[in-house]
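Q: Show me the folded form of this:
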Amino acid sequence: MRLILSCLTAVALTAFASGAVGQVHVFDIDTTASSFSWSGTTSLGPLVGNPSNTFNLLGTVDMDLTGTQPTTAGEFLQSDALVTPDISAAIPNIFPFLPPLATIDIANLRISVTSPQFPVAAGAFTADITFTALSGVVTTTPLGGAGTMTDLTGLVSTPAMASGNITRVLDTITLNMPVNSTFPISVMNGTTTVTGSITLLGTIVATTTAIDPIGASFCNGDGGNQMGCTNCPCMNNAPPGTIGGCLNRAGTSTAISATGDTSASLPPAISTDLRFTLSGAPPNAFCVMISGSALAPQNMANMCVGMNSGVQSLEHDGLRCAVMNLKRHGGRSANGMGNIMDGSGPSRVWGGEAQPGGGLAVQGGFVSGQTRYFQVTHREDVTLGCMRGLNTSQALEITFTP
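A: Numbers count the residues shown, from 1 in each chain. Prediction:
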């Protein structure tokens with residue numbers, strides 16, 4: 001019966017789906033609107049609700065959204081959604097006056113959903129979703145036998161494609177995900193193989209408040225004004241209009257972005273505080289964020305002075321931008337996707353709910369009215385690109401408030 005249980009769990013788990021790197025948004029699930037029903041068949045007979053075949057979801061879904069007006073990409077990071085009420089199923093006896101051949105009860109099932117990055121076009125997306133049980137206990141009771149309890153924690157579903165929409169009205173972002181999925185089952189019942197399928201029909205609806213990026217970008221690695229101010233060091237300009245640094249060994253442009261409150265007097269270590277994320281870096285690259293009080297070039301002999309377009313450096317495959325009164329704000333390792341976005345761990349964001357514990361303003365000694373230019377330097381493969389071993393993001397201007 002284990003696979004039947006797994007498929008019933010997957011039915012509950014698939015009550016999710018949607019969709020890259022920019023800013024983490026925590027969506028609150030609309031429990032009433034997120035209603036589902038399931039149906040199933042087996043070679044021993046239909047799989048039916050005991051007594052009901054419906055459930056809802058209660059909890060949150062964490063997504064990383066690139067852009068909010070509109071959203072251009074997304075990624076499911078995790079979630080904590082409770083299946084309510086508990087799932088109860090039965091395989092009816094061929095003799096209707098006799099008890100079911102087996103009953104299956106899943107209690108306290110909490111689920112998470114993750115996915116790779118996926119594009120969003122005009123609000124529509126298709127994502128490759130994987131579900132994981134955070135908790136849950138299954139009790140299987142065969143006819144004439146004793147119940148057996150199984151812990152579902154850590155159970156992972158087979159990845160599945162799912163489509164939905166992400167829309168924004170004013171400051172509210174809504175995730176809407178219709179689900180109509182069929183899951184095959186194949187289990188051993190003693191010496192007999194039982195096969196069949198379970199179909200889930202429903203819709204996930206969840207909402208969040210948009211977190212819009214802040215700060216102006218400078219020194220983009222796209223060739224600037226396309227007249228020399230400023231080209232990347234070794235013909236590695238990004239396409240014109242790119243927000244980010246010069247092309248790196250992954251063929252992408254490393255981009256730093258900021259959200260949150262720029263107040264210099266906020267309590268530390270909260271997610272609404274100023275926080276920086278990174279996208280487009282080479283996978284697993286070590287990254288260091290710095291800030292300066294001015295933008296390059298500052299040399300009056302440079303033809304690009306005053307354009308804030310950065311300068312080439314013999315040490316970098318990218319442009320130096322943040323200069324003067326430099327401060328270092330800590331190192332991080334990009335994840336396997338080349339992003340830094342987590343609330344904790346090696347790929348944690350700078351500021352916000354992550355380190356430094358006192359917040360970036362306190363750590364840097366910044367005060368209201370002060371403007372700083374933040375930039376990330378990351379390691380490169382010395383055998384690729386300009387063969388200098390380092391590259392950079394663009395720079396982001398932040399002015400601190402009271």
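
Q: Poorly predicted segments of this protein, please.
A: Applying pLDDT under 70 to the chain flags residues 1-22, 182-196, 268-271, 353, 355, 357-358.

Q: Where does the record place the domain boundaries for it?
A: Domain segmentation of the chain under automatic domain parsing yields 2-209, 213-402.

Q: Using TSV, lay out those domains together with mean neighbour count.
A: Quick note: C-beta positions are derived from backbone N, CA and C, even for glycine. Converted to TSV, the domains of the chain look like this (neighbours: other C-beta atoms under 10 Å):
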stretch	mean neighbour count
domain 2-209	18
domain 213-402	20
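
Q: gap between the two ends of stretch 321-329?
A: End-to-end distance of stretch 321-329 (C-alpha to C-alpha, to the nearest Å): 16 Å.

Q: same question but for stretch 335-347, I mixed them up
A: 6 Å.

Q: need the next SSE after the host helix or strand of V113, C-terminal direction.
A: Assigning secondary structure by DSSP states H and E places V113 in strand 102-114. Toward the C-terminus, strand 102-114 is succeeded by strand 118-121 as the next helix or strand (DSSP H and E).

Q: Sheet partners, orientation included, of that next one?
A: Paired with strand 118-121 in the same sheet, following DSSP bridges, are strand 73-84 (antiparallel), strand 124-142 (antiparallel).

Q: would you list every one of the helices in the protein?
A: Secondary structure of the chain (DSSP state H): helices at 2-13, 359-364.

Q: Now the residue lying farthest from the centre of the chain. Its backbone dihedrals?
A: Going by C-alpha atoms, centre = their mean, the residue of the chain most distant from its centre is F97, 50.8 Å out. Per-residue torsions, F97: phi -80, psi 0 (degrees, to the nearest 10).

Q: show me the contacts for E315.
A: When contacts are counted by C-beta atoms under 8 Å, 6 or more residues apart in numbering, E315 touches R388, L390.

Q: For N325, find the nearest of the strands paired with strand 118-121.
A: Of all the strands paired with strand 118-121, the one in closest proximity to N325, counting by C-beta to C-beta, is strand 73-84 (35.2 Å).

Q: In PDB, list the C-alpha atoms belonging to the closest one.
A: Output of strand 73-84 as PDB, limited to C-alpha atoms (Å, rounded to 0.1, in the frame of the first residue of the first chain):
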ATOM      1  CA  ALA A  73      10.800  35.000 -14.100                       C
ATOM      2  CA  GLY A  74      10.100  33.000 -11.000                       C
ATOM      3  CA  GLU A  75      11.200  30.100  -8.800                       C
ATOM      4  CA  PHE A  76       9.500  28.200  -6.000                       C
ATOM      5  CA  LEU A  77      11.900  28.200  -3.000                       C
ATOM      6  CA  GLN A  78       9.900  26.400  -0.400                       C
ATOM      7  CA  SER A  79       6.500  26.400   1.300                       C
ATOM      8  CA  ASP A  80       4.700  25.300   4.400                       C
ATOM      9  CA  ALA A  81       1.200  24.300   3.500                       C
ATOM     10  CA  LEU A  82      -1.100  22.100   5.700                       C
ATOM     11  CA  VAL A  83      -3.600  19.800   4.000                       C
ATOM     12  CA  THR A  84      -6.900  20.300   5.700                       C
END
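
Q: now it and strand 102-114, what's the angle there?
A: Here the directions of strand 73-84 and strand 102-114 differ by 150 degrees (axes from the mean of the first three to the mean of the last three C-alpha atoms, to 10 degrees).

Q: ok now strand 73-84, how far from the chain's centre?
A: On the basis of C-alpha atoms, centre = their mean, to the nearest Å, strand 73-84 sits 9 Å off its chain's mean C-alpha point.

Q: how close does G144 sit to F97?
A: Look at G144 and F97: by C-beta to C-beta, to the nearest Å, they are 16 Å apart.
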